[in-house]
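Visitor: sequence unknown, structure follows:
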């Protein structure tokens with residue numbers, strides 16, 4: 001008699017994961033889902049700190065089936081995840097980093113959510129421990145949504161529940177040629193291919209742990225790897241989504257999260273050689289994917305920087321970065337009877353710079369924020385004037401006829 005298929009395969013890729021692995025595996029053992037409904041596949045990627053030995057100890061005593069695979073170091077997280085995925089038998093798979101840990105009810109809640117709604121991907125609320133975690137997508141629990149109707153494009157890490165049949169049907173694996181951003185590529189493809197995505201916002205399913213030794217993968221690697229990651233994600237989006245508003249909305253993510261940080265204030269500290277190289281790496285990406293549809297979804301300072309990158313104008317870009325580094329507040333100009341708000345960052349309407357006005361046009365949230373601030377200022381002035389008027393009238397009523405009012 002063959003064993004019943006597990007509901008979920010937990011795939012753990014581990015490299016030099018001690019002592020974090022201890023709490024990670026404890027969180028797996030503490031899951032409220034029946035141990036018979038899950039399996040663990042752990043891949044030790046050539047560790048020398050006792051990670052492999054601890055995984056084998058765990059496998060010997062764990063209440064659920066645990067497979068431990070030990071291999072030579074592959075150099076990144078993609079290899080171990082792919083090895084684990086090839087061995088998985090569960091209806092769903094969950095990729096758990098060996099540094100992190102699960103909330104006790106995480107797997108039970110995510111499997112139930114996917115089964116209830118027939119969705120192919122489930123996101124469980126993430127909380128950071130000694131590091132920041134994504135926040136914008138946890139506003140409310142969503143039984144069924146997609147990448148265009150929610151903010152899930154801003155969490156592309158692999159730590160989610162995926163229906164394994166979806167991954168197998170499309171031959172989906174992590175790109176082992178990428179040294180960073182490989183999970184963004186995988187997850188975005190899953191979002192786009194999924195028959196629905198669910199979001200659990202009312203329970204913390206995943207604890208994203210910051211390592212004190214600074215060895216977390218997202219903190220390693222040179223700047224060229226970030227451009228590789230941006231290029232891969234932009235190309236995927238362009239291949240899978242036709243030109244138009246939906247593609248532009250998704251392109252915001254690689255431009256904003258991956259590319260733009262390379263042209264933040266730290267760009268001023270780069271050598272001239274590195275600055276030139278960054279602009280060279282950015283140029284084909286800007287030429288292929290940058291347009292006004294993407295630009296108008298960004299804040300003015302973000303849009304302005306990327307516009308100058310697209311124009312290959314490091315001289316003007318540096319002026320903008322100096323302005324931002326000084327934490328100066330951009331003045332605002334109202335035109336068209338208050339229907340347009342321009343933010344006056346460096347080179348606004350400069351004849352020499354010749355940057356079009358639309359680059360400085362406040363996007364909807366910025367405009368509303370400014371107009372709300374301006375309205376509050378006007379209302380505050382009016383309230384002060386009204387209080388002063390009431391005080392003067394009160395004084396006049398209280399002053400006997402013919403007497404001078406008190407000053």
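Guide: Sure thing, it's come through. These numbers were taken from a predicted model, which means no experiment stands behind them.
Visitor: buried ones in the helix or strand hosting residue 57?
Guide: Here residue 57, judged by DSSP states H and E, is contained in helix 51-61. Neighbour-count burial for helix 51-61, with 16 or more other C-beta atoms under 10 Å as criterion, is recorded at 51, 52, 54, 55, 58, 59. All C-beta spots, glycine's among them, are computed from the backbone N, C-alpha and C.
Visitor: identify all contacting residues around that helix.
Guide: The contact list for helix 51-61, computed with C-beta atoms under 8 Å, 6 or more residues apart in numbering, reads 12, 14-18, 21-22, 25, 29, 40, 42, 44, 66-68, 70, 98.
Visitor: report the beta-bridge partners for residue 70.
Guide: With DSSP bridges as the criterion, residue 70 is bridged to residue 44.
Visitor: from memory it sits against residue 44, does it?
Guide: Yes. Counting by C-beta atoms under 8 Å, residue 70 touches residue 44, with 4.6 Å between them.
Visitor: next, work out how far apart the closest residue in space to residue 233 that isn't next to it in sequence and residue 28 are.
Guide: Spatial nearest neighbour of residue 233, excluding adjacent residues (C-beta to C-beta, 6 or more residues apart in numbering): residue 254 at 4.4 Å. Distance from residue 254 to residue 28, counting by C-beta to C-beta, to the nearest Å: 32 Å.
Visitor: higher neighbour count, these two?
Guide: The residue with more neighbours, out of residue 254 and residue 28, is residue 254; 28 against 24, by other C-beta atoms under 10 Å.
Visitor: with neighbour numbers in mind, choose between residue 70 and residue 44.
Guide: residue 44 (25 against 16).
Visitor: got the contact list for that one?
Guide: Counting by C-beta under 8 Å, 6+ apart, residue 44 makes contact with 14, 15, 51, 52, 55, 68, 69, 70, 71.
Visitor: give me that answer again for 10 Å
Guide: Listed by C-beta atoms under 10 Å, 6 or more residues apart in numbering, the contact partners of residue 44 are 12-17, 21, 51-56, 68-71, 73, 80, 98.
Visitor: would you map the strands across the stretch 101-250 of the chain?
Guide: Applying DSSP state E, counting those that start in this stretch to the stretch 101-250 of the chain gives strands spanning 101-102, 121-129, 142-145, 161-163, 197-209.
Visitor: ranges for the helices of the stretch 1-150 of the chain?
Guide: Ranges of helices in the stretch 1-150 of the chain, per DSSP state H, counting those that start in this stretch, are 20-29, 51-61, 78-87, 106-117.
Visitor: out of the ones you listed, which gets nearest to residue 348?
Guide: Among the helices of the stretch 1-150 of the chain, helix 78-87 comes nearest to residue 348, with 44.5 Å by C-beta to C-beta.
Visitor: can you count the residues close to residue 202?
Guide: The tally of other residues near residue 202 (other C-beta under 10 Å) stands at 10.
Visitor: so it touches residue 138, yeah?
Guide: Yes. Residue 202 is in contact with residue 138 according to C-beta atoms under 10 Å; the separation is 8.8 Å.
Visitor: what do those two both touch?
Guide: Both residue 202 and residue 138 are in contact with residue 125, where contact means C-beta under 10 Å, 6+ apart.
Visitor: tell me the domain ranges of the protein?
Guide: Listed by automatic domain parsing, the domain ranges of the chain are 8-219, 223-330.
Visitor: most tightly packed of those domains?
Guide: When those are scored by mean count of other C-beta atoms under 10 Å, the highest mean neighbour count falls to domain 8-219 (a mean of 19).
Visitor: look up how far residue 241 lies from residue 303.
Guide: According to C-beta to C-beta, residue 303 stands 21 Å off from residue 241.
Visitor: next: residue 268.
Guide: According to C-beta to C-beta, residue 268 stands 35 Å off from residue 241.
Visitor: how about residue 212?
Guide: To residue 241, residue 212 is 40 Å away according to C-beta to C-beta.
Visitor: overlap of the contact sets of residue 70 and residue 44?
Guide: With C-beta under 10 Å, 6+ apart as the test, residue 70 and residue 44 both reach 14, 51, 52, 53, 55, 56.
Visitor: right, and out of those, which lies closest to residue 232?
Guide: For the shared contacts of residue 70 and residue 44, the minimum distance to residue 232 (C-beta to C-beta) is 24.8 Å, reached by residue 14.
Visitor: confidence score at the nearest residue to residue 4 once chain neighbours are set aside?
Guide: Beyond its immediate neighbours in the sequence, the residue positioned closest to residue 4 (C-beta to C-beta, 6+ apart) is residue 36, lying 7.3 Å away. At residue 36, the model reports a pLDDT of 96.
Visitor: next, the contact list for residue 36, please.
Guide: Contacts for residue 36 (C-beta under 10 Å, 6+ apart) come out as 3, 4, 6, 7, 63, 64, 65.
Visitor: how about those in TSV, adding distance to residue 146?
Guide: What follows is the contacts of residue 36, written out as TSV (distance: C-beta to C-beta, whole Å):
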residue	distance to residue 146
3	35
4	32
6	27
7	24
63	36
64	32
65	34
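Visitor: any idea how far the closest residue to residue 67 other than its chain neighbours lies from residue 94?
Guide: In this structure, residue 67 finds its nearest non-sequential neighbour in residue 41, 4.8 Å apart by C-beta to C-beta, 6+ apart. In this view, residue 41 and residue 94 are 11 Å apart by C-beta to C-beta.
Visitor: shared neighbours of those two, anything?
Guide: Any residue near both residue 41 and residue 94 by C-beta under 10 Å, 6+ apart counts here, and that gives 9, 10, 11, 12, 88.
Visitor: thank you, goodbye.
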